[in-house]
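[1] quick check, what structure comes out for this input:
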Amino acid sequence: MLSAQLQEFALTRYQSRKAVYGPLWQEIESALGECTEDEAVLMRYLYGTMPVRDAGEYTFSVFLSYVRHSLWLRAHVPWCRELAEDIFIHHVLYYRINTEEISDCRQFFYEKLQDRIEGMEPEQAVIEINYWCAEHVVYESTDGRTVSPMTLFRCGKGRCGEESTFTVTAFRSVGIPARQVYTPRWAHCDDNHAWVEVYLQGKWHFLGACEPEEALNRGWFTVPANRAILIHSRMFSDFGLSSTEERIGREGLLCYVNNTAFYARTGELAVAVKDESGQPVSGASVAVEILNMAEYYPAATVKTDDGGMARLTIGLGDVRIRAWKDGAFAEQQAYPTMATDSSAPASLIELTLQRAVEDPGWPADQWEQTTLHAPQEHPLHLGEETAEQAARKVQRMQAAVQIREQRLAALYDEQLAAAYPEAAELIRVAGENTEELRKFLTRDDNPNRRQLLNSLVIKDGKDLRSEILEDHLSCEQGSLPAEIYERFLLCPRIWLEELTPYRSFIRQYFSQEEQEQFAQNPDQIWQYITDTIDYDSDADYPAICATPIGCLKLRHGNPLARKILFAAICRSLNIPARLNPVTQTPEYWRDGEFAVPAGFGAGATAESVAAIGPGVYAQGAVEPRGEDQAELGQGEALRTGGSATLVLQVMEASEWKYGQTWTISKLDGVRFDTLNYAGSSFEQGDLELRLDPAIYRLITTRRLPSGDQLAAQRVFRLASGQRKTVELLLAQADEANLLVNRQLSDVSLQTESGEQIKLSQLTDERPTLLAFLGVGAEPTEHVLNELLAGASRWNETNARMLLVLRNPAERSNAAFGKVLKTLSGIEVCYDSQQACAAAAMDMGVDGARLPVLILLSGGLTGIYACAGYNVGSVELMLRQLTAVNE
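    Presented below is the predicted three-dimensional model:
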């Protein structure tokens, strides 16, 4: 059943892992002996291609469940039987899709779906399965940890990366090849996105995850996607690869496919890398970086060939190119927007690698300004929705929402939430996991139970396990301050890793003598990790890391996993520890403050640092209080133990938001790592940072309504003991010149009492934000979250807000309810007579792409509008309100 080519590939890759699997090798070999011939081939394939950390985290039986289910599908499902072997291996068999936690789930999904799609053709089955997904999961903004598909089913809400992982799992469970497609960062707004492609009749087709349409190759993201610079998908090996799709290259063990040309106009970017003598440099790394969230994010990395050339097909937007090898590097802006079409000659960028750090004249320490243009809209997928399809979708989505909300409402335990109000938010999101919370809270009267839950992020309520939490109650506060005890000793979470019972494991793993030595001198813990824990970047998926237990089992872990392990060992020995929220440096509590272990950072090379991937902020890995507890601000987060001081000054404090209008990064080898100062603010126009002596880069950016950016950067050195003052420069745009002046039709809306009323009766001389919403869909959820984030600024204006829904059922949406409670001047109406279409046409935007936001200067005069997915649109509106008021 399986080809000789696959058998040989699997065996070769599996045997290459013998050294790294050393501690588990015999256990794996013994289990393979119990498998059938085909099962053994596929198990060797998985163990030979998986991220090494997975072998230490999950049991043999979990992987075997995927193998057995896929072999059953191959034998019994016609559309799966007909697939080319490589498509089957990469897009049906493979257990990992993204960075999710892995569990035995394919049979569960199959049983949920088999009767529903019985007798359907593949395309019809795909559409039906996506409706099933919408009945169980809806979008919710959350942190960067990706929960398992089973957890998402049980809790019903997740971000796009989780929704797409869930949906791909559903398709693969019934033998339909599927993959997650991803734009690492948009160019026109500060965000990213993931969706799904399915393989039918020899072609890939796209769809929104948990966002069903009545036909394939449709979704709200099609217009944003045609403005993308890079869109890719990933595989975990290069086996077979029968398709002709462009390969971007590798990142560790991952193979990336360049999907950009399917969605957007593209051009070829060519980069020539030379050394200081002018000779071509082969094997140099070349990264294409997108300015997003005020940092240059490496969207793709390729290698130069023997002639020092690297080529990549990208969307026609401006980017930054960075190249490096052997400690030398170079950077330069590239402007593919100057190309007029995909037939234009390649944009050639020439970079000369230099050891700039050794040049006393570098950096220049002055502001450099540039304008970065986002790709223009050029839709490639314009499938028109018929009236019949639109009506059917509305009807089916209303039913899906009702099914989902009724199920989730029935799972919410009001009595438990009332009895434990401090855990109410954890209980609210728990869904089917509520029983785990109940078991933990009601076992006894130990006050540490409530404190431990308080130390977690709300998202942990979705998948925490009571037996794991029990393991973390075995610590003592002693004379520790309450906050230090709760956050950095009692808390089981260190970063965004999976929660495990690591304390009991660590105490059993180390001898009593070793534990005593570590407790007396925690610096020895880091030395032990350095001496014992290996790392093979070629067998790694940099976006995930081993848990402390997995790290010790395999004695293997990436740099982040090692730092987490350090903190875990410390906490297991009753020593508070953390990863510094700004720098991600491991620290332990000593003499009333956090200290970095001796020897940390020693031996790291420029190349090894560059291989780790994006820095602290780019990874989206914030200190675990990030998404639902107070952000770190002027206090402890800004004290990183550095011996230099940087004072940043601004004229207008309200303009500055970290990760939106500015960031600061530190040169680490050949790469600038963005530091995490999320939540910091400028009091009296100043912000004082304590930093290590190093080279730093400040980036500022102003996003324009077009999606373009006015950016500035300043690179400078900080010496030990130096106190340096820098005034941040934010490029100015004449907001008034960006506005239009158009009269809207006097459309009719329906009030909450059912009365039909003209728009002119709802407006006056004050500015009004008219927002036609698509509640429950991701673009509208972004707008609602942005309104909440900007609530204080909105409430200071004298403006009105008309929030227009499609039907009264949408009023029950949680985010919408928060907006009503938090923002002032709101009136809710309903669109029963196509008012959105008319108003959007008046303003020249697409009324079919909700949300449609229109800013009125007074009466029916529209001055700005946008439609669809535009992260940051509320900030633009607030700025334009300021311009209007002036």
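[2] contacts and neighbour counts: CA atoms only from here.
    Fine.
[3] what's around residue 591, how many residues?
    Residue 591: 7 surrounding residues under other C-alpha atoms under 10 Å.
[4] contacts for stretch 17-33?
    Here stretch 17-33 makes contact (C-alpha atoms under 8 Å, 6 or more residues apart in numbering) with 40, 43, 47-48, 52, 55, 60, 553-554, 556.
[5] just the closest of these to residue 391, please.
    Distance to residue 391, by C-alpha to C-alpha, is smallest for residue 43 among the contacts of stretch 17-33, at 46.6 Å.
[6] quick one, strands of the stretch 1-150 of the chain?
    Assigned by DSSP state E, counting those that start in this stretch, the stretch 1-150 of the chain shows strands spanning 138-139.
[7] hang on, isn't residue 334 packed against residue 350?
    No. With contact defined as C-alpha atoms under 8 Å, residue 334 does not reach residue 350; the gap is 10.1 Å.
[8] with neighbour numbers in mind, choose between the two.
    With neighbours defined as other C-alpha under 10 Å, residue 334 and residue 350 compare such that residue 334 has more, 20 against 15.
[9] how about the more buried one, what does it touch?
    By C-alpha under 8 Å, 6+ apart, residue 334 lies in contact with 318-321, 349.
[10] how about those, which pair is most distant?
    318 and 349 (12.5 Å).
[11] give me the more crowded residue out of the two.
    Neighbour tally, residue 318 and residue 349, criterion other C-alpha under 10 Å: the higher count belongs to residue 318, 26 against 17.
[12] how close does that one get to residue 266?
    Note on residue 318: its distance to residue 266, by C-alpha to C-alpha, to the nearest Å, is 12 Å.
[13] for residue 178, same thing?
    24 Å.
[14] now swap in residue 313 and tell me
    For residue 313, the distance to residue 266 equals 6 Å [C-alpha to C-alpha].
[15] can you pull the poorly scored residue ranges out of the stretch 701-850 of the chain?
    Filtered on pLDDT under 70, the stretch 701-850 of the chain yields the residue ranges 735-737.
[16] the stretch 601-750 of the chain: helices as residue ranges?
    In the stretch 601-750 of the chain, the helices defined using DSSP state H, counting those that start in this stretch lie at 606-611.
[17] now stretch 578-595, how far from the chain's geometric center?
    25 Å (C-alpha atoms, centre = their mean, to the nearest Å).
[18] cool, and stretch 112-123?
    Offset of stretch 112-123 from its chain centre (C-alpha atoms, centre = their mean): 32 Å.
[19] now it: average pLDDT?
    Mean pLDDT, computed over stretch 112-123, is 97.
[20] what's the end-to-end length of it?
    Terminal residues of stretch 112-123 lie 18 Å apart, using C-alpha to C-alpha.
[21] identify each buried residue in that stretch, please.
    Of all the residues in stretch 112-123, those buried under the rule 16 or more other C-alpha atoms under 10 Å are 113, 117, 122-123.
[22] repeat for stretch 663-683
    Residues of stretch 663-683 classed as buried: 663-678, 680-682 (neighbour count, 16+ other C-alpha under 10 Å).
[23] go on, stretch 799-807?
    799-806.
[24] just the contacts of stretch 17-33 now: which is nearest residue 543?
    Using C-alpha to C-alpha, the contacts of stretch 17-33 come closest to residue 543 at residue 52, 12.6 Å.
[25] so who does that closest one touch?
    The contact partners of residue 52, by C-alpha under 8 Å, 6+ apart, come to 20-21, 539-540.
[26] also residue 461?
    426-427, 429-430, 433-434, 437.
[27] same list (those) but as TSV, adding distance to residue 256, neighbour count and pLDDT.
    Listed next are these as TSV, based on distance: C-alpha to C-alpha, whole Å; neighbours: other C-alpha atoms under 10 Å; pLDDT from 0 to 100:
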residue	distance to residue 256	neighbour count	pLDDT
426	37	24	96
427	39	27	97
429	34	23	96
430	35	29	97
433	35	21	98
434	39	23	98
437	40	22	98
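[28] just these: which are in strands?
    Judged by DSSP state E, strands contain none of the contacts of residue 461.
[29] filter those down to just the ones in helices.
    Residues of the contacts of residue 461 located in helices (DSSP state H): 426-427, 429-430, 434, 437.
[30] helices along the stretch 51-200 of the chain, start to end?
    Per DSSP H, counting those that start in this stretch, the stretch 51-200 of the chain carries helices over the ranges 52-57, 60-76, 78-81, 85-88, 106-113, 122-136, 149-155, 160-173.
[31] now the ones you listed in a markdown table, with distance to residue 784?
    A markdown table is the format used below for these (distance: least, C-alpha to C-alpha, whole Å):
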| stretch | distance to residue 784 |
| --- | --- |
| helix 52-57 | 37 |
| helix 60-76 | 39 |
| helix 78-81 | 41 |
| helix 85-88 | 40 |
| helix 106-113 | 32 |
| helix 122-136 | 20 |
| helix 149-155 | 21 |
| helix 160-173 | 16 |
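[32] which of those sits most buried?
    helix 160-173 (a mean of 28; mean count of other C-alpha atoms under 10 Å).
[33] tell me how far that helix lies from the chain's centre.
    Computed by C-alpha atoms, centre = their mean, the separation of helix 160-173 from the middle of its chain amounts to 15 Å.
[34] and the end-to-end length of stretch 757-766?
    End-to-end span of stretch 757-766 (C-alpha to C-alpha): 19 Å.
[35] start to end distance for stretch 135-143?
    End-to-end distance of stretch 135-143 (C-alpha to C-alpha): 23 Å.
[36] i'd like the first residue to be 460 from this point on
    I'll keep to 460 as the first residue from here, and by that count the last item is stretch 594-602.
[37] can you point out the buried residues in it?
    Using 16+ other C-alpha under 10 Å as the test for burial, stretch 594-602 gives 594-599, 601-602.
[38] between the contacts of residue 793, which is closest to residue 1227?
    Using C-alpha to C-alpha, residue 777 is the member of these that lies nearest residue 1227, at 34.4 Å.
[39] for the stretch 910-1059 of the chain, which segments count as strands?
    Counting by DSSP E, counting those that start in this stretch, the stretch 910-1059 of the chain has strands at residues 1036-1038, 1045-1049, 1052-1054.
[40] need those strands in JSON lines with mean pLDDT, can you?
    Output for the strands of the stretch 910-1059 of the chain, formatted as JSON lines (pLDDT from 0 to 100):
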{"stretch": "strand 1036-1038", "mean pLDDT": "98"}
{"stretch": "strand 1045-1049", "mean pLDDT": "98"}
{"stretch": "strand 1052-1054", "mean pLDDT": "96"}
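[41] what's the most buried one of those?
    strand 1036-1038 comes out most buried of the strands of the stretch 910-1059 of the chain by mean count of other C-alpha under 10 Å, with a mean of 27.
[42] which helices and strands does that strand pack with?
    In terms of contacts (3 or more C-alpha pairs under 8 Å, 6 or more residues apart in numbering; DSSP states H and E), strand 1036-1038 is packed against helix 1018-1031, strand 1045-1049.
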